[in-house]
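**Q** Using only what follows, build the 3D model:
(one chain, ligands or ions: 1)
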Amino acid sequence: MEPICPIGSQCATEISALLAPPSPFQLQEYFHNLLSARQCNAITVKQDVKFGKGLYAAMDFKEGELVLKDHMLVGVQHSLNKIDCLVCSFCFRFVGSIEHQIGRRLYLQQLSANESHGCDVGNSSGSSTHCHEMDLSDEEESTQQCISASSKTRAPLPEGVVEPLMNGRLMLPCSEKFSLPPAIPCPGGCGEAYYCSTSCAEADFESSHSLLCTGESCDPARREALLEFIKHANDTNDIFLLAAKAISYTILRYHKLKAFSLEEQVKYDTSCVSNHCNLSLLLEAWRPISMGHKRRWWDCIALPDDVDSSDEASFRMQIKELAFESLQLLKTAIFDKECEPLFSLEIYGHIIGMFELNNLDLVVASPVEDYFLYIDDLTYPDKEEAEKITQPILDALGEDYSICCQGTAFFPLQSCLNHSCCPNAKAFKRDEDKDGQATIIALSSICKGEEITISYVDEDLPLEERQASLADYGFRCRCPKCIEEES
Ligand SMILES: C[S@@+](CC[C@H](N)C(=O)[O-])C[C@H]1O[C@@H](n2cnc3c(N)ncnc32)[C@H](O)[C@@H]1O
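**A** Residues are numbered from 1 along each chain as shown. As a prediction, this is how the structure comes out:
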């Protein structure tokens with residue numbers, strides 16, 4: 001494939017250094033520090049010549065036991081899902097109140113009355129990103145809907161309800177039992193991000209949002225460029241928003257590390273302040289991303305079913321061009337000379353490819369579901385009284401009255417889990433898991449020292465269908481189930 005933009009010769013060394021696989025020592029040190037910081041001694045990360053990194057049990061687990069709770073490195077809520085759910089932009093917990101969640105949805109539903117919007121959001125390019133799926137608990141799954149149902153299933157809105165619900169003047173019966181953290185607007189004033197606490201707001205600002213915020217403190221030219229980048233991502237593939245977060249995260253970490261190292265050096269030598277890229281600090285800032293298994297996005301993306309294999313080369317070129325377009329917009333918005341290698345197509349393609357190969361669906365169940373189930377479980381006469389108010393609202397919301405928060409995220413430990421078609425663990429949200437962390441549960445007992453595996457595909461599919469889906473991850477499965485079925 002011809003390069004769209006050749007690697008800048010002045011950055012070639014830095015780019016190769018950034019893409020070099022971490023040494024066994026760096027890998028061991030990084031995961032040891034990560035697990036220690038999380039006070040997690042139940043698992044370890046080990047490298048294997050055949051499968052690369054893998055997650056191993058450092059203790060015995062019983063069936064159903066929690067194996068791992070993993071904080072995301074970066075995550076985004078799908079753009080259209082933002083209409084349905086108001087969540088903390090950092091931890092993805094639902095915020096506001098039951099009334100606000102419902103009123104806001106009814107309001108936005110009213111605005112887009114004749115439009116239908118679905119679950120496969122933000123990927124209108126047709127280049128959907130491959131994610132391992134996160135299951136919801138059975139009860140949640142039975143009623144949580146992913147796709148907004150057609151407006152045909154909805155009754156007309158009761159008059160004068162939406163605004164009072166949104167501004168807190170109309171309280172729903174028993175909603176105090178489902179209190180949510182207040183929705184704290186982004187301190188930068190962008191009006192896009194909301195948080196469940198000041199600590200989440202600060203953590204997000206420090207991690208990436210300070211470079212991506214379009215609020216009043218943002219220089220107007222930069223704001224315009226950022227808005228253009230965001231619009232392009234929303235119109236094509238919201239994986240670009242995640243890539244922008246990963247780049248911002250690295251830039252901010254780089255400057256923090258640099259400030260710290262300068263503080264140390266300036267004590268001895270005041271002539272050492274420079275605006276040149278310090279490669280060893282850039283590599284250190286990039287370390288968490290360097291740990292993720294990656295290939296270029298346009299090389300590893302699965303060929304969609306509707307693209308004929310004879311058109312594969314042109315499809316991959318289109319994907320590369322799309323990434324190039326997005327990168328140019330991001331570069332205009334947040335370019336940083338000292339971190340120039342991060343703005344090369346080679347690095348951008350590998351970051352998105354890393355998401356393609358490792359990401360987990362971000363799913364958080366809606367408290368609106370629990371609320372209506374609670375009302376339904378009330379007994380006479382309380383139920384009758386409550387339903388006088390709640391039933392018309394439920395009818396107006398329609399069949400899809402409760403929609404879960406959906407997005408995609410990269411998790412540093414979960415992404416080390418290798419695949420098996422007879423896995424001993426799975427990603428599973430329990431009723432108590434109210435935020436965007438990844439939760440991995442044992443499917444059977446796991447002994448200390450055993451590798452922990454999940455299935456990247458539906459393991460009940462026939463062998464060839466499983467292998468075809470796994471080909472998108474670049475391997476043919478040789479697990480005991482596949483070997484047995486092949487013989
Ligand atoms: C989510 S990552 C898992 C961690 C990975 N081993 C690493 O080194 O980062 C997915 C990649 O791991 C490798 N992998 C996972 N399960 C595998 C398996 N059962 N057989 C061969 N390769 C596997 C493939 O390269 C796959 O694209």
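**Q** can you pull the contacts of the closest residue to the ligand within the stretch 201-350 of the chain?
**A** Nearest to the ligand in the stretch 201-350 of the chain, going by CB to the nearest ligand atom, is H293, at a distance of 3.3 Å. From N, CA and C alone the C-beta is placed, and that goes for glycine too. Residues in contact with H293 (CB atoms under 8 Å, 6 or more residues apart in numbering) are G52, K53, M354, L357, N358, S415.
**Q** and with 7 Å instead?
**A** G52, M354, L357, N358 (CB atoms under 7 Å, 6 or more residues apart in numbering).
**Q** What pLDDT is listed against it?
**A** With respect to pLDDT, H293 scores 95.
**Q** do the same with the one 5 residues further on
**A** Reading off the per-residue confidence, W298 sits at a pLDDT of 97.
**Q** my guess is it meets R316, correct?
**A** Yes - when contacts are counted by CB atoms under 7 Å, W298 is listed as touching R316 (4.7 Å).
**Q** Between these two, which is the more surrounded one?
**A** W298 (24 against 19; other CB atoms under 10 Å).
**Q** how far away is that one from G349?
**A** Applying CB to CB, to the nearest Å, the value for W298 to G349 is 6 Å.
**Q** which residues are in contact with both of those two?
**A** Joint contacts of W298 and G349 (CB under 7 Å, 6+ apart) are A323.
**Q** remind me which residues of the stretch 151-300 of the chain are low pLDDT?
**A** For the stretch 151-300 of the chain, the stretches flagged by pLDDT under 70 are 151-153, 267-274.
**Q** near the ligand, which residues of it?
**A** The stretch 151-300 of the chain comes close to the ligand at residues H293, as judged by CB under 6 Å from any ligand atom.
**Q** try it again with 8 Å
**A** Neighbours of the ligand within the stretch 151-300 of the chain, by CB under 8 Å from any ligand atom: M291, G292, H293.
**Q** Quick one: those residues as JSON lines, columns for secondary structure too.
**A** Listed next are these as JSON lines, based on DSSP: H, G, I helix; E, B strand; the rest coil:
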{"residue": "M291", "secondary structure": "coil"}
{"residue": "G292", "secondary structure": "coil"}
{"residue": "H293", "secondary structure": "coil"}
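**Q** if we can go back for a sec, how near is the residue of the stretch 201-350 of the chain closest to the ligand to Y473?
**A** In terms of CB to CB, H293 sits 9 Å off from Y473.
**Q** For L172, list the residues it contacts.
**A** I98, E99, I389, T390.
**Q** closest to the ligand among the contacts of H293?
**A** The nearest one, if we look at these relative to the ligand and count by CB to the nearest ligand atom, is G52, at 2.5 Å.
**Q** before we move on, the earlier item: need the buried ones from the contacts of H293 selected in PyMOL.
**A** The PyMOL command for the buried members of these (criterion: 16 or more other CB atoms under 10 Å) is given here:
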select buried, resi 354+357+358
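**Q** quick revisit: hey, what's in contact with both of H293 and Y473?
**A** L357.
**Q** With adjacent residues omitted, what lies nearest to E228?
**A** In space, E228 comes closest to L329 once its chain neighbours are excluded; the distance is 5.4 Å by CB to CB, 6 or more residues apart in numbering.
**Q** My guess is that neighbour contacts H232. True?
**A** Yes - counting by CB under 7 Å, L329 does reach H232; the two are 5.5 Å apart.
**Q** Now name the helix or strand holding the spatially most central residue of the chain.
**A** Compute the mean C-alpha point of the chain, and by CA atoms, centre = their mean the closest residue is A409, 2.1 Å away. For A409, the host element (DSSP states H and E) is strand 405-410.
**Q** so how far is A58 from C40?
**A** 9 Å.
**Q** for A246, same thing?
**A** Counting by CB to CB, the gap from A246 to A58 is 29 Å.
**Q** which of these two has more neighbours?
**A** A246 (24 against 13).
**Q** in the host helix or strand of the more buried one, what counts as buried?
**A** In the assignment (DSSP H and E), A246 maps to helix 239-266. Buried positions in helix 239-266, judged by neighbour count with 16+ other CB under 10 Å: 239-254, 257-258.
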